[in-house]
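Peer 1: 3D, please:
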Amino acid sequence: MVGHILDNFLPNHIAGIEIYVLNLCKKNPKCNIVIITGKKRNQYEFEGVKVFVIEEDRNIFNELMDIVRLEHIKTLHYHLLEKGQLYKEQTLIELKKKNLKLVFTFHLVQYYCATLRFKQNNLRNCNVIANTNTCAQCYFETFYKPKYPRFARNYSFLKKFQLFTEVKNHFDSSTHMAKSTLNKFDIIGKLFDELITINPDFYEKLNAHSHIKNKLKLISPDFAEIKKKEIRLNSIKLIFLGRIESSKGIDNLIDFAKKMNNENIEIDLYGQIYDQKYSIEYFNSYSKSSKTKLNYKGTLAPFEVIEVMRNYDYLIHPSQIAEMTPLVIKESFSIGLPVIGNDVFGINTYVLNGINGWLLDFNNMKNCVDFFNELLLGKKILGNYQAQDV
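Peer 2: You can find the predicted model right below:
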């Protein structure tokens, strides 16, 4: 029996990790259960999968062990390493003493890369082995260097002027973020018996760390071969599926809608709102000022996703951070829906430019607008697709 550890689960929380775990458990629900934390103890079933909710308090370890004994669990499979007693290093050490096998799946880049971008110094794809000095410099270059005047943006130059409080604080913060990220990575590498990654490019990064080589396992997602599909010209319907927050590129979509200003393009957004600055009224206000409509449609149950996707021409995925294996891209490809995504790690692993979609820089809005104008005119045709006038 395997117990899958998360901090939230369906139906209260809908995101890629939860859908991944649900599908994993549904393959053999008699051998897989889900364990999450909550405000009070509870037990329920979701689509045939048993879910235990344990309280986040000082007795959490004992509650967990009660479930382990009750369900005859031999393996605890962690999908996150967050705050809370369940994820602390000491808890993991005590679990190992109970002869439980501990497995960890890397769903998020935040356990390896402090910037969440996998871009070295925010310029090029990272190809270094993670270490405090290199990662701290990368964090500084990504988030703090742009705050300084152009003449003072040399890293070595700024490092010499840490006698200025603000500069010193920026360097200290960068070092802290790098150490914090790598500390989690060290805990994962040290205490888990098996480490799973679902992204082949990330597997290569992890494989460069000799101390975890023998624990690594790559489980590549089963991406369906893209099907031939008729693409409409002159009118484009785009669907966004994911968390409604800035890191997923929502601000970029809003900016795009304003600058595109073309009534022949419409964008529908589905997902839970994580940033409270977004609301139905917020999106409506932008739609009124632009011919390109941006409509918030609420959330979808997992079983609704595929059917809703069929009503659109493209999935748009402008995420500003690296992604491991976006489930929504897999679902999109399974029905022949091409993807227009931001050119970041994880998305560019699976979206092949001009074959099953396109990769854009969603921070260069002029190029994005130019691209969609060409798309409307039929000047951008995918290798496995054909265009159709409507």
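Peer 1: tell me which other helices or strands the helix or strand containing Val305 touches.
Peer 2: Using DSSP states H and E, Val305 sits in helix 305-309. Judged by 3 or more CB pairs under 8 Å, 6 or more residues apart in numbering; DSSP states H and E, helix 305-309 is in contact with strand 236-241, helix 327-334. Any C-beta I mention is one placed from the backbone N, CA and C, and that applies to glycine too.
Peer 1: what about the closest residue to Ser235 other than its chain neighbours, how many neighbours?
Peer 2: The shortest distance from Ser235 to any non-neighbouring residue, by CB to CB, 6 or more residues apart in numbering, is to Asn264 (4.9 Å). Look at Asn264: counted by other CB atoms under 10 Å, it has 16 neighbours.
Peer 1: got the contact list for Asn264?
Peer 2: Counting by CB atoms under 8 Å, 6 or more residues apart in numbering, Asn264 touches Asn234, Ser235, Ile236, Leu376.
Peer 1: how far away is the last one from Glu266?
Peer 2: To tie it back to what came earlier, the one meant is Leu376. The spacing between Leu376 and Glu266, counted by CB to CB, to the nearest Å, is 12 Å.
Peer 1: what of the first one?
Peer 2: In this view, Asn234 and Glu266 are 13 Å apart by CB to CB.
Peer 1: more neighbours: these two, which one.
Peer 2: A side-by-side neighbour count of Asn234 and Glu266, using other CB under 10 Å, places Glu266 first with 20 against 12.
Peer 1: looks to me like the more buried one is in a strand.
Peer 2: Yes: assessed by DSSP: H, G, I helix; E, B strand; the rest coil, Glu266 belongs to a strand.
Peer 1: quick one on the thing from earlier: so how far is the helix holding Val305 off the chain centroid?
Peer 2: Remark: helix 305-309 is offset 20 Å from the chain centroid, using CA atoms, centre = their mean, to the nearest Å.
Peer 1: what's in contact with that helix?
Peer 2: With contacts defined as CB under 8 Å, 6+ apart, helix 305-309 is touched by Ile239, Leu241, Tyr270, Leu300, Leu315, Val328, Glu331, Ser332, Ser334, Ile335, Leu337.
Peer 1: change it to 10 Å
Peer 2: 14, 19, 239, 241, 268, 270, 297, 300, 315, 327-328, 331-332, 334-337 (CB atoms under 10 Å, 6 or more residues apart in numbering).
Peer 1: can you pull the buried residues of that helix?
Peer 2: Using 16 or more other CB atoms under 10 Å as the test for burial, helix 305-309 gives Val305, Met309.
Peer 1: I'd like the next helix or strand past it.
Peer 2: Helix 305-309 is succeeded, C-terminally, by strand 314-317 (DSSP H and E).
Peer 1: paired strands for that following strand, with orientation please.
Peer 2: The strands beside strand 314-317 in its sheet (DSSP bridges) come out as strand 236-241 (parallel), strand 339-342 (parallel).
Peer 1: please convert the ones you listed to CSV, extending it with mean neighbour count and distance to Gly354.
Peer 2: Shown next, in CSV, are the strands paired with strand 314-317 (neighbours: other CB atoms under 10 Å; distance: least, CB to CB, whole Å):
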stretch, mean neighbour count, distance to Gly354
strand 236-241, 22, 17
strand 339-342, 24, 12
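Peer 1: ok, which of these comes nearest His4?
Peer 2: Closest approach to His4 among these (CB to CB): strand 236-241, 22.8 Å.
Peer 1: helix or strand right after the closest one?
Peer 2: By DSSP H and E, the next helix or strand past strand 236-241 is helix 250-260.
Peer 1: tilt between that following helix and strand 236-241?
Peer 2: 170 degrees (axes from the mean of the first three to the mean of the last three CA atoms, to 10 degrees).
Peer 1: okay, which residue is most central for this protein?
Peer 2: Centroid-nearest residue in the chain, with CA atoms, centre = their mean: Glu323, separated by 4.3 Å.
Peer 1: what's the spacing between that one and Arg117?
Peer 2: 11 Å.
Peer 1: between these two, which contacts overlap?
Peer 2: Residues touching both Glu323 and Arg117 (CB under 10 Å, 6+ apart): Val109, Val344, Phe345.
Peer 1: quick check: the gap between the second one and Ala152.
Peer 2: Think Val344. Distance from Val344 to Ala152, by CB to CB: 28 Å.
Peer 1: neighbour-wise, which of the two wins?
Peer 2: A count of neighbours by other CB under 10 Å puts Val344 above the other of Val344 and Ala152, at 25 against 12.
Peer 1: isn't there a helix covering the more buried one?
Peer 2: No: read with three-state DSSP, Val344 is coil and lies in no helix.
Peer 1: count the neighbours of the residue nearest to it when sequence neighbours are not counted for me.
Peer 2: Closest residue to Val344 apart from its sequence neighbours, by CB to CB, 6+ apart: Ala322 at 5.4 Å. By other CB under 10 Å, the residues close to Ala322 number 26.
Peer 1: buried stuff in stretch 204-221?
Peer 2: Residues Lys205, Leu206, His209, Ile212, Lys215, Leu216, Pro221 are the ones in stretch 204-221 that count as buried (16+ other CB under 10 Å).
Peer 1: just to revisit the earlier point, residues that sit against both of Leu376 and Glu266, list them.
Peer 2: Taking CB under 10 Å, 6+ apart as the contact rule, Leu376 and Glu266 both touch Ser235, Ile236.
Peer 1: returning to that earlier point: quick one: the helices and strands packed on helix 305-309 as JSON lines, columns for mean pLDDT and distance to Phe372 too.
Peer 2: What follows is those, written out as JSON lines (pLDDT from 0 to 100; distance: least, CB to CB, whole Å):
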{"stretch": "strand 236-241", "mean pLDDT": "96", "distance to Phe372": "7"}
{"stretch": "helix 327-334", "mean pLDDT": "89", "distance to Phe372": "18"}
